[in-house]
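Peer 1: Next input, structure requested:
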Amino acid sequence: MPRRVTRLAALDGPYRESPVCDPNATAAKLAANAVAKLKGDGNQRPDAAVLTSAFLKVGAQVPDLTVFKIANGNARALDVPTMLAWHVADTCPHTSAATVPPFRAWYQTSGRKLAEKSFSGGLPPKSEPCEAFAPHGFYGLDPEVAGAITGFVAGL
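Peer 2: All right, here's what the predicted structure looks like:
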């Protein structure tokens with residue numbers, strides 16, 4: 001049976017192709033779909049989650065839609081093997097590398113270990129900081145990012 005990997009990611013750029021993402025959906029619909037898939041069973045529940053340039057800020061008072069809010073603050077709601085990928089030079093205020101340590105601490109309260117991969121380098125930005133042609137979108141690093149995700153999924 002093929003693996004079902006749910007990507008919860010920043011809602012722009014190449015990540016719109018994710019099984020939980022619909023480029024025409026609202027953020028609320030995307031969140032509801034992601035939560036439904038994570039809480040599902042059988043064919044609906046994914047085997048893993050890959051978070052790329054994700055909104056990782058932790059806390060109920062944090063504005064914006066975040067992984068923390070999708071999980072209603074309960075790290076156990078993400079009770080699947082999870083990989084986190086980020087670019088160390090991401091200057092998007094929603095997805096900066098500074099959000100990783102608090103997210104890691106919160107996620108690990110679920111009793112699970114977070115698979116992590118940071119990236120650096122790539123091509124010079126050609127877009128705004130929160131868009132695909134910048135470190136946020138791993139611009140110029142497609143083979144490395146795809147390889148890391150493929151390796152994670154293969155190890156499940």
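Peer 1: Low-confidence regions, this protein specifically.
Peer 2: 1-45 (pLDDT under 70).
Peer 1: so where do the strands sit in this structure?
Peer 2: 5-7, 48-52, 82-87, 115-119 (DSSP state E).
Peer 1: Kindly present those as CSV, with separate columns for distance to residue 141 and mean neighbour count.
Peer 2: Every C-beta, even on glycine, is put in place using the N, C-alpha and C of the backbone. Listed next are the strands of the chain as CSV, based on distance: least, CB to CB, whole Å; neighbours: other CB atoms under 10 Å:
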stretch, distance to residue 141, mean neighbour count
strand 5-7, 16, 22
strand 48-52, 11, 24
strand 82-87, 8, 23
strand 115-119, 5, 17
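Peer 1: Minimum distance to residue 131: which of these has it?
Peer 2: strand 82-87 (12.7 Å; CB to CB).
Peer 1: Next, name the residue at the spatial heart of this structure.
Peer 2: The residue lying closest to the centre of the chain (CA atoms, centre = their mean) is residue 51, at 1.8 Å.
Peer 1: my guess is that residue contacts residue 84, does it?
Peer 2: Yes - if you go by CB atoms under 8 Å, residue 51 and residue 84 touch, sitting 4.9 Å apart.
Peer 1: Could you find the closest non-adjacent residue to residue 111?
Peer 2: Distances taken as CB to CB, 6 or more residues apart in numbering put residue 76 closest to residue 111, at 7.8 Å, once the chain neighbours are dropped.
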